[in-house]
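[1] turn this into a structure:
(one chain, ligands or ions: 3)
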Amino acid sequence: MRTYHIITYGCQMNENDSEKLAKMLTDLGYEATQDPRSAAILVMNTCSVRENADDKFFGNLGYMKNLKKETGMLIAVCGCMMQQEHIVAKIMKNYPFVDVLFGTHNIEEFPALLSQRLASGKAAYKVKTEGGAIAEGIGAKRRYAYKAYVTIMQGCNNFCSYCIVPYTRGRERSRKATGILQEIKALADDGVKEMMLLGQNVNSYGIADGFKETFPDLLRQINDIEGIKRIRFMTSHPKDLSAELIEAMAECDKVCKHLHLPLQSGSSRILSLMNRRYDQAHYLSLIEQIKTRIPAIGLTTDIIVGFPGESEEDFEETMNVVKTVRFDSAYTFIFSPRKGTKAARYVYDLDKDTIQRRFQRLLETQKVISGENNAALLNKEVEVLAEGPSKSDITRQSGRTDDNRIVNFVGEAKAGEMAKVLITHTKSFYLEGVEKKH
Ligand code: SAH
Ligand code: SF4
Ligand code: F3S
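    Ligands and ions are numbered 1, 2, ... in the order given. Take a look at the predicted model:
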């Protein structure tokens, strides 16, 4: 029984890492299984970004302990949490049944650690504290045939005061353009239509490594690769979003007209405490520039509610920006203190009810705006990249527009095909329609 099951927490970078781990296991002769009960190897790829991610992992690990007693499977844990010393110490003390443990900087060592565990019968743990160059050429066992993640850089030098990522992913380092372009060409030859370029802060691509090529240069080169239809990227930091990038987005036909630009807070005072290095005025001027150059742009964002010291006025500033920009959607989070970050030491003086009330108000306001933005598309024709049957209703197909709206539609377009869809109903978080026959 050579089977594996991977559980992935966190962001797309972790998803991409899990695809690489799946490839390594496939190369070793293991097959994927949907059910952890029938897995010989269980991999848990963790995320540290908020406390509930930690809690979910430890809860699940406790459950897996019992499952391991029944099935005898091996348990491997990896990902961002393993870059935190206190987490590794906790696993060694309270979860000694974990067989293999490694971090974000040495995922390529997984096969070696696994065979070490199998040969010796003893747990194999290895974490590197700082990352070197990003490993090239591991390949990925992709979850989707029509779209692929391509990690172009890793790590972060920004140290936003609330964020654990610079500690778990290390300093910023970028892959050389040649390796990235080669990978994307191979993916295009393999029929992949949409490339999602990943990095914690793609706008500073190559800067820390002293590359001549900037992120806009890279986008232009990828845009010239034949066969692909769409290029997406995330995440952009407002302090580094350049006029050149806006220009490249406008000029490159395959680059999707969608920008995810995390706001975090609308209050300049809180932004400064967050160490974001931009203020409300700068953020709004960027939005103005991009809307002027690319009127059809889809805008999404991340917002944190309840940062230490956030006053009612600060929160109102966030609401004001949300109402001014009118994002198509927003990922909203309640501040979660992360051990080792600066903000974890700030005085945390807000009560849960206040935070919850603000959070709800923000959600409701954003929901109305999302609904209104979508309603403007009623009876319009949009082009989608089909992604296969809809998760909520398998009689319909699902797809995304260039500006990242989800469209559930009646039609025949298969995953990976482009389809023209007439929008017949609109909701806050998706659109409905009927495919137009040519
Ligand atoms: N590199 C990206 C993503 C970072 S994590 C960026 O800079 O935007 C994704 C989102 O999680 C962040 O944008 C932020 O909104 C949220 N987040 C990060 N740390 C958090 C914390 N300690 N508490 C609550 N939300 C947090
Ligand atoms: Fe975290 Fe800030 Fe870096 Fe994003 S830019 S990963 S929020 S430190
Ligand atoms: Fe989580 Fe690590 Fe991504 S902390 S959000 S999995 S970079």
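
[2] mind naming the longest helix for the protein?
    The helix that spans the most residues within the chain, counting by DSSP state H, is helix 352-375.

[3] so where do the helices sit in the stretch 201-350 of the chain?
    Under the criterion DSSP state H, counting those that start in this stretch, helices of the stretch 201-350 of the chain are mapped to 215-223, 243-251, 268-273, 280-293, 312-325.

[4] what mean pLDDT does the third one get?
    Think helix 268-273. Across helix 268-273, the average pLDDT comes to 98.

[5] equivalent analysis for stretch 211-225, please.
    97.

[6] and it, what's buried?
    Using 16 or more other CB atoms under 10 Å as the test for burial, stretch 211-225 gives 211, 213-222, 225. Just so you know, the C-beta spots here come from the backbone N, C-alpha and C atoms, and that holds for glycine as well.

[7] export the residues you listed to JSON lines and append columns for distance to ligand 2.
    Formatted as JSON lines, the buried residues of stretch 211-225 follow (distance: CB to the nearest ligand atom, whole Å):
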{"residue": "211", "distance to ligand 2": "19"}
{"residue": "213", "distance to ligand 2": "21"}
{"residue": "214", "distance to ligand 2": "18"}
{"residue": "215", "distance to ligand 2": "15"}
{"residue": "216", "distance to ligand 2": "19"}
{"residue": "217", "distance to ligand 2": "21"}
{"residue": "218", "distance to ligand 2": "19"}
{"residue": "219", "distance to ligand 2": "20"}
{"residue": "220", "distance to ligand 2": "24"}
{"residue": "221", "distance to ligand 2": "25"}
{"residue": "222", "distance to ligand 2": "23"}
{"residue": "225", "distance to ligand 2": "28"}
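
[8] returning to that earlier point: can I get the helices of the stretch 201-350 of the chain in a markdown table with distance to residue 66?
    Below are these laid out as a markdown table (distance: least, CB to CB, whole Å):
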| stretch | distance to residue 66 |
| --- | --- |
| helix 215-223 | 47 |
| helix 243-251 | 50 |
| helix 268-273 | 44 |
| helix 280-293 | 48 |
| helix 312-325 | 44 |
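
[9] so which of the ones you listed comes closest to residue 175?
    Residue 175 sits nearest to helix 215-223 of all the helices of the stretch 201-350 of the chain, at 9.9 Å, using CB to CB.

[10] now that closest one - C-alpha only, PDB.
    Listed next in PDB are the C-alpha coordinates belonging to helix 215-223 (Å, rounded to 0.1, in the frame of the first residue of the first chain):
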ATOM      1  CA  PHE A 215       8.600  42.400 -12.200                       C
ATOM      2  CA  PRO A 216       7.100  44.400 -15.100                       C
ATOM      3  CA  ASP A 217       9.900  43.200 -17.400                       C
ATOM      4  CA  LEU A 218       9.200  39.600 -16.300                       C
ATOM      5  CA  LEU A 219       5.400  40.100 -17.000                       C
ATOM      6  CA  ARG A 220       6.200  41.300 -20.500                       C
ATOM      7  CA  GLN A 221       8.400  38.300 -21.200                       C
ATOM      8  CA  ILE A 222       5.800  35.900 -19.900                       C
ATOM      9  CA  ASN A 223       3.100  37.600 -22.000                       C
END
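
[11] distance between that helix and the chain's centre?
    Averaged C-alpha coordinates place helix 215-223 at 20 Å from its chain's average position (CA atoms, centre = their mean, to the nearest Å).

[12] just want the angle from the longest helix of the chain to helix 312-325.
    10 degrees (axes from the mean of the first three to the mean of the last three CA atoms, to 10 degrees).

[13] can you mark which positions in the helix or strand just after helix 352-375 are buried?
    The helix or strand immediately downstream of helix 352-375 is strand 381-389, counting by DSSP states H and E. Buried residues in strand 381-389, counted by 16+ other CB under 10 Å: 382, 384-388.

[14] for those residues, which one is nearest residue 436?
    For the buried residues of strand 381-389, the residue nearest residue 436 by CB to CB is residue 382; the value is 10.1 Å.

[15] what's the closest non-adjacent residue to the closest one?
    Distance criterion CB to CB, 6 or more residues apart in numbering; nearest residue to residue 382, sequence neighbours excluded, is residue 401 at 4.9 Å.

[16] verify the contact between that neighbour and residue 409 for me.
    No: the criterion here is CB atoms under 8 Å, and residue 401 misses it with residue 409 at 11.1 Å.

[17] related to what we said a few turns ago, nearest to residue 169 among the buried residues of strand 381-389?
    For those, the nearest to residue 169 is residue 387 (28.1 Å; CB to CB).

[18] these two touch, right, the closest one and residue 401?
    No: the criterion here is CB under 8 Å, and residue 387 misses it with residue 401 at 11.5 Å.

[19] circling back to that earlier point, and the buried residues of strand 381-389, which two are the farthest apart?
    Longest span within the buried residues of strand 381-389, CB to CB: 382 and 388, 17.8 Å.

[20] thinking again about what came up before, shared neighbours of residue 401 and residue 409, anything?
    Common contacts of residue 401 and residue 409, defined by CB atoms under 8 Å, 6 or more residues apart in numbering, comprise residue 384.

[21] sorry, back to before: tell me the buried residues in the longest helix of the chain?
    Going by neighbour count (16+ other CB under 10 Å), the buried part of helix 352-375 is 355, 358-359, 362, 366, 369-370, 373-374.

[22] these also near ligand 3: which ones?
    With the criterion set as CB under 6 Å from any ligand atom, no member of the buried residues of helix 352-375 is near ligand 3.

[23] give me the distance between the residue sitting furthest away from the middle of the chain and residue 99.
    No residue in the chain sits farther from the centre than residue 120, which is 36.5 Å out by CA atoms, centre = their mean. Residue 120 is 11 Å from residue 99, where distance means CB to CB, to the nearest Å.

[24] hey, what's the residue nearest to residue 382 bridged with?
    Counting by DSSP bridges, residue 401 is bridged to residue 384.

[25] list the contacts of it.
    Contacts for residue 401 (CB under 8 Å, 6+ apart) come out as 298, 382-384, 407, 431.
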